[in-house]
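Visitor: Only the shape, not the letters, is given here:
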């Protein structure tokens with residue numbers, strides 16, 4: 001009988017030890033997953049836009065180019081960013097531009113003009129709150145002067161306090177030698193002001 005009771009004791013002690021080991025294992029797993037949750041950095045809109053590598057992941061269609069352009073524009077006119085992030089955003093959006101558009105001004109003129117335009121919006125406390133694009137079937141494709149072109153319209157919603165306004169722009173894109181659609185220019189649909 002004594003052997004039986006010592007066998008039960010050993011079994012119970014063994015169960016307790018296994019329980020302690022498993023409990024400690026689950027405690028460490030929970031602690032590690034809590035630490036991982038704390039390590040997850042929330043990426044803001046500016047960082048999200050800047051993380052895209054256009055050399056490896058260039059937008060595949062004119063509509064997607066303007067969609068990415070819209071995201072960058074929203075960052076310029078509606079998000080907080082550092083001077084370094086401003087420069088990175090400016091370089092990122094310029095990667096979407098056709099070489100001829102980029103060649104129209106020096107880098108210094110481009111940055112100065114962009115900074116001035118953003119400053120005007122901020123002085124008026126205006127932000128670009130959203131944008132909308134046509135369906136891909138509404139993109140007009142054509143060939144001219146040996147190039148492939150695309151034309152599409154985008155509507156940007158401007159917000160000043162609780163007031164909303166809209167502006168429609170028509171974008172002209174040209175396909176480059178690498179097959180990427182680049183923004184050749186744009187103009188306000190109703191005013192005809194060329195950029």
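Guide: That came through fine. Since the structure is predicted, the reported quantities are computational estimates derived from the model, not experimental observations. Numbering: from 1, shown residues only.
Visitor: Who are the contact partners of the residue most central in space within the chain?
Guide: For the chain, the residue sitting closest to the mean C-alpha position, by C-alpha atoms, centre = their mean, is residue 49 at 2.9 Å. Going by C-beta atoms under 8 Å, 6 or more residues apart in numbering, residue 49 touches 68, 71-72, 75, 89, 92. Any C-beta I mention is one placed from the backbone N, CA and C, and that applies to glycine too.
Visitor: who are the neighbours in contact with the residue nearest to residue 140 when sequence neighbours are not counted?
Guide: Leaving aside its chain neighbours, residue 140 sits nearest to residue 151 (4.4 Å; criterion: C-beta to C-beta, 6 or more residues apart in numbering). Contacts were defined as C-beta under 8 Å, 6+ apart; by that measure residue 151 touches 139-140, 142, 170-173.
Visitor: sorry, back to before: who wins for neighbours among the contacts of residue 49?
Guide: For the contacts of residue 49, the largest number of neighbours (other C-beta atoms under 10 Å) sits with residue 75, at 24 neighbours.
Visitor: what helix or strand is residue 169 on?
Guide: strand 163-175 (DSSP states H and E).
Visitor: C-terminal to the helix or strand of the chain with the lowest mean pLDDT, what's the next element?
Guide: When each helix and strand of the chain is scored by mean pLDDT, DSSP states H and E, helix 2-39 comes last, with a mean of 61. With elements assigned by DSSP H and E, the helix or strand that comes after helix 2-39 is helix 45-51.
Visitor: so residue 165 sits right up against residue 158, yeah?
Guide: Yes - the pair residue 165 / residue 158 is scored as a contact, 4.6 Å apart, by C-beta atoms under 8 Å.
Visitor: neighbour-wise, which of these two wins?
Guide: residue 158 (18 against 10).
Visitor: Three-state assignment for that one, please.
Guide: strand (DSSP: H, G, I helix; E, B strand; the rest coil).
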